[in-house]
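**Q** Everything below, folded, please.
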Amino acid sequence: MKRAADVLYLLSTFSLRTRLIEKAAIYASAGYRLFPEDTRLIEMHAYALLLQRKFEEAEEVLANTTASTPNLEFLRSRAAILLGLDPEEQRLRLRRYLGTA
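**A** Residues are numbered from 1 along each chain as shown. Below is the predicted model of the structure:
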């Protein structure tokens, strides 16, 4: 099973690097659905959604995990800004990302 998660992660990463956003989103979405606890795939899925300007969907993906990585905290803060959430919530998320919360 881990190998499948690794392959989907690599395919989504490669697709992003080559600016094939739709393809990256498909791989990341599949990986997220098959391996919902894999933080790499959560990060890739949320990032691909943000790139597609699907901010609400990205926020939902990020809200469905309690995991915390620097990338997830960055994505949470970015989503808060793009969605125009309450300024205090934006500050809180940015502080978490910066490690000062």
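**Q** Skipping adjacent residues, who's closest to residue 8 in space?
**A** Using C-beta to C-beta, 6 or more residues apart in numbering and skipping the chain neighbours, the partner closest in space to residue 8 is residue 31 (3.5 Å). No exception for glycine: its C-beta is placed from N, CA and C like everyone else's.
**Q** so the one you found is in which element?
**A** In this structure, residue 31 sits in helix 21-34 according to DSSP states H and E.
**Q** What of residue 50?
**A** When secondary structure is defined using DSSP H and E, the element that contains residue 50 is helix 39-51.
**Q** same deal with residue 60?
**A** Assigned by DSSP H and E, residue 60 falls within helix 55-63.
**Q** what does residue 4 give?
**A** Under the criterion DSSP H and E, the helix or strand holding residue 4 is helix 2-17.
**Q** tell me which residues in that helix are buried?
**A** Buried residues in helix 2-17, counting neighbours by 16 or more other C-beta atoms under 10 Å, are found at 5, 8, 9, 11, 12, 13, 15, 16.
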